[in-house]
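# Below are the sequence and a predicted model for it; my questions follow.
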Amino acid sequence: MSSKACVIAFVAIVAGCSSTAPSTEPSAEARAAALSRADWSNPIEVRIDLRDYGFAPSQLRLKQGQAYRLTVFNSGGVAHYFNAPEFLRTVAARELTVRDQVEVTAPPFSSFEVARRGGSFALEFVPLVKGTYRANGHLPGDEHKDVQGHVIVE
């Protein structure tokens with residue numbers, strides 16, 4: 001991968017994950033309304049550090065309807081994944097940015113790969129559906145299958 005290549009590779013992984021969240025997705029109208037009501041001048045900043053054999057924090061607690069900017073940073077030695085397909089299907093995503101490189105406004109997303117050490121992205125979103133969602137840092141069949149956590153929307 002060249003130095004000008006994107007740091008983030010989007011992967012369409014829909015892994016079988018258990019959660020206590022409803023299986024219905026918000027409508028396009030509900031997503032648009034949540035984005036327009038959110039205060040984007042001051043989103044709550046949260047961060048996840050992807051590490052070799054884990055990520056921290058392993059649990060995020062979010063409030064339904066609040067604007068967030070989630071930064072995912074790869075501090076490990078190789079490419080790492082952040083998968084939370086059930087959660088990501090229930091948010092109103094505003095944009096995803098890669099520092100000074102890319103801005104993506106084509107949600108919904110299901111997972112992300114941070115392709116190199118020191119790489120990161122920021123996702124601005126509003127959680128819409130309360131529940132507990134499983135998150136993990138692996139691909140199906142990967143040796144890091146025990147790297148998991150939860151996103152809790154209250």
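Received it, and whenever you're ready, just let me know what you need.

# pLDDT weak spots in this structure?
Scanning the chain for pLDDT under 70 picks out the ranges 1-23, 100-107, 110-111, 138-146.

# ok, longest helix in it?
The residue-count maximum for a helix in the chain (DSSP state H) belongs to helix 28-37.

# got the contact list for that helix?
Residues outside helix 28-37 that contact it (CB atoms under 8 Å, 6 or more residues apart in numbering): 26, 65, 92-94, 126, 128. Any C-beta I mention is one placed from the backbone N, CA and C, and that applies to glycine too.

# Only alpha carbons, please: show it as PDB.
Output of helix 28-37 as PDB, limited to C-alpha atoms (Å, rounded to 0.1, in the frame of the first residue of the first chain):
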ATOM      1  CA  ALA A  28     -33.800   7.300   6.800                       C
ATOM      2  CA  GLU A  29     -36.200  10.000   8.000                       C
ATOM      3  CA  ALA A  30     -35.400   9.200  11.700                       C
ATOM      4  CA  ARG A  31     -31.700   9.300  10.900                       C
ATOM      5  CA  ALA A  32     -32.000  12.700   9.100                       C
ATOM      6  CA  ALA A  33     -34.100  14.200  11.900                       C
ATOM      7  CA  ALA A  34     -31.600  13.100  14.600                       C
ATOM      8  CA  LEU A  35     -28.700  14.600  12.600                       C
ATOM      9  CA  SER A  36     -30.500  17.900  12.200                       C
ATOM     10  CA  ARG A  37     -31.400  18.100  15.900                       C
END
